[in-house]
Structures are given as structure tokens and as C-alpha cells.
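Asker: Take this sequence and fold it.
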Amino acid sequence: MSIKKQYLKNNEVCKTTFILKENVNSIDNIRITGDFNNWDRNCESMKRLKPVGFSQTLNLAAGKSYQFKYLINDSVW
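Answerer: Predicted coordinates:
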């Protein structure tokens with residue numbers, strides 16, 4: 001798992017990219033839920049990377065801290 005941050009010029013938004021590449025062969029989808037989206041279990045799924053892995057970029061407010069979890073196959077945290 002890795003997280004890459006890129007601050008936009010106005011320093012109000014941070015483009016945050018979440019990348020998972022560990023043992024994802026049996027995973028159909030992964031969702032990132034957290035306090036930034038009210039723990040929405042129906043949010044957009046991460047995109048599958050080839051040859052293996054998942055990735056998603058979110059625009060988050062800069063200067064804040066967030067709690068989040070990965071929801072795997074809509075049933076496992």
C-alpha cells in the first residue's frame with residue numbers, strides 16, 4: 001500500500017492517490033471509505049491496475065487529517 005500526495009497551486013486541495021499492489025488476485029473491488037465521504041460504502045470503486053493492483057485518486061482538502069478504511073469485495077474491512 002502506498003499513498004502519494006500532490007498539492008495544487010492554491011494549497012487548498014491535495015490530490016491523494018491510494019495504491020494497493022499486495023496479493024489482490026482474489027479481489028473483485030475495493031472501495032475507500034472514510035470521514036471525507038461519510039463512510040459511504042457505495043462510493044466509487046478503485047480502478048484495477050495491470051498487471052496487478054488497484055488505484056484511486058481523491059481530491060481532499062489540504063491541511064486536514066482523515067481516517068479511512070479499505071472495503072474489499074463490499075464485505076471485508
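
Asker: Look at the closest residue to Asp35 other than its chain neighbours and say how many residues are nearby.
Answerer: Leaving out its chain neighbours, the residue that sits closest to Asp35 by C-beta to C-beta, 6 or more residues apart in numbering is Gln67, at 5.2 Å. The C-beta positions use only the backbone N, C-alpha and C, and glycine is treated the same way. The local packing of Gln67 (other C-beta atoms under 10 Å) involves 9 other residues.

Asker: Could you tell me the phi and psi values at Gln67?
Answerer: phi -110, psi 140 (degrees, to the nearest 10).

Asker: Would you check that it makes contact with Asn38?
Answerer: No - with contact taken as C-beta atoms under 8 Å, Gln67 and Asn38 are classed as non-touching, separated by 11.8 Å.

Asker: Can you give me the buried ones in stretch 37-56?
Answerer: Neighbour-count burial for stretch 37-56, counted by 16 or more other C-beta atoms under 10 Å, picks out 37, 43, 46, 53-56.

Asker: want to throw the residues you listed into CSV with distance to Asn25?
Answerer: CSV is the format used below for these (distance: C-beta to C-beta, whole Å):
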residue, distance to Asn25
Asn37, 27
Cys43, 23
Met46, 15
Gly53, 11
Phe54, 12
Ser55, 16
Gln56, 19
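
Asker: Which of the residues you listed sits closest to Lys9?
Answerer: Nearest to Lys9, judged by C-beta to C-beta, of the buried residues of stretch 37-56 is Gln56 at 22.5 Å.

Asker: got a list of what that closest one touches?
Answerer: Applying C-beta atoms under 8 Å, 6 or more residues apart in numbering, we find Gln56 in contact with 17-18, 32, 44-47.

Asker: ok, 10 Å please
Answerer: Counting by C-beta atoms under 10 Å, 6 or more residues apart in numbering, Gln56 makes contact with 16-20, 30-32, 43-47.
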